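[1] Next input, structure requested:
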Amino acid sequence: MTEQGPAQLPLLLGHRVARDMKDFMVAPCNRRPIEWVDRWPDWPFTTLIVVGPEGSGKSHIAAYWRARSNAQAVDISCSGLEASVETAARAGAVLLDDADRMLAGNAGAELSLLQLYNLMRSAGGTLLLTARNAPAAWPIGLADLRSRLNSAMVIAIDPPDDALLAGVALKQFSDRQIAPGVGVVPFLLNHGERSFAAIARAVATLDHAALARKRPITVALAREVLAGPDGNDAMDRAPE
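    Okay, the predicted model is just below:
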């Protein structure tokens, strides 16, 4: 019997993430923000803020709204006041994806958002922001901006149920052109952190391991790869 050679270093070519709305799975946990996007432009408010954890679909919802509204996407962390004024002058709708990250410790970004909010409100335009948490949790220094954000419509994406988690796992595999073995998806749902981000990390880890070991993705491989040294589940620690 010959010795097994070392694991082959996989060639990391990346994968295409499907972001068309037809690929988005509408479920009870994300139905409310989708319903508000569908109601645009008939919003009784200037700003809608969609909040949810990493990988929950915020950017997918934002992309859907941007396509529907022809919104301008801006990055206030570097655009500045002049760019904000120009954007508001030519757009009836503006998107700020990951707004809480843009504002973190950035006084200039706060001033830009305040100016942009005031311009859009006076012009009858609309803003959609996505973030990990509601504005009340953001360390906002400008009192006027804090007041405006706290008056915005905030809709949270609720924790996913089993059906949606399974759908997300299958989509993650599909984006990588992988057909997982029988039982792999239930294994992922029943072991480790039950979140979109943990599922994504686990799928990425399994993809990498399967390429390196030249093995199909099965429950046996998942058990080997996603268990820590003490035998406990480690999906929440799986690398990107």
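
[2] Every contact and neighbour count from this point should use C-alpha atoms.
    OK.

[3] Considering helices and strands only, name the one in the chain with the lowest mean pLDDT.
    Lowest on mean pLDDT, DSSP states H and E among the helices and strands of the chain sits helix 76-90, with a mean of 71.

[4] Next SSE downstream of that helix?
    Next in sequence after helix 76-90, counting helices and strands by DSSP states H and E, comes strand 93-96.

[5] for that following strand, which positions count as buried?
    Under the neighbour-count criterion of 16 or more other CA atoms under 10 Å, strand 93-96 has 93-96 buried.

[6] can I get the residues you listed in JSON lines with distance to Pro33 and pLDDT?
    As requested, the buried residues of strand 93-96 are exported to JSON lines (distance: CA to CA, whole Å; pLDDT from 0 to 100):
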{"residue": "Ala93", "distance to Pro33": "16", "pLDDT": "93"}
{"residue": "Val94", "distance to Pro33": "16", "pLDDT": "93"}
{"residue": "Leu95", "distance to Pro33": "14", "pLDDT": "94"}
{"residue": "Leu96", "distance to Pro33": "15", "pLDDT": "94"}
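
[7] ok, Asp75 to Trp40 distance?
    Separation of Asp75 from Trp40 (CA to CA, to the nearest Å): 22 Å.

[8] Which of the two has more residues huddled nearby?
    Neighbours were counted for Asp75 and for Trp40 using other CA atoms under 10 Å; Asp75 has more, 19 against 13.

[9] contacting residues around the more buried one?
    96, 102 (CA atoms under 8 Å, 6 or more residues apart in numbering).

[10] mind checking pLDDT for it?
    pLDDT recorded at Asp75 is 87.

[11] can you list the weak-confidence ranges in this protein?
    Across the chain, residues meeting the criterion (pLDDT under 70) sit at 1-24, 79-81, 84-85, 87-89, 228-240.

[12] what about the helices in it?
    Ranges of helices within the chain are 31-39, 58-69, 76-90, 99-103, 107-123, 143-150, 162-175, 184-190, 196-213, 219-225, based on DSSP state H.

[13] quick check: domain ranges of this structure?
    30-156, 162-237 (automatic domain parsing).

[14] Distance to Asp162 for the buried residues of strand 93-96 - can I get that in a markdown table?
    Shown next, in a markdown table, are the buried residues of strand 93-96 (distance: CA to CA, whole Å):
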| residue | distance to Asp162 |
| --- | --- |
| Ala93 | 35 |
| Val94 | 34 |
| Leu95 | 31 |
| Leu96 | 30 |
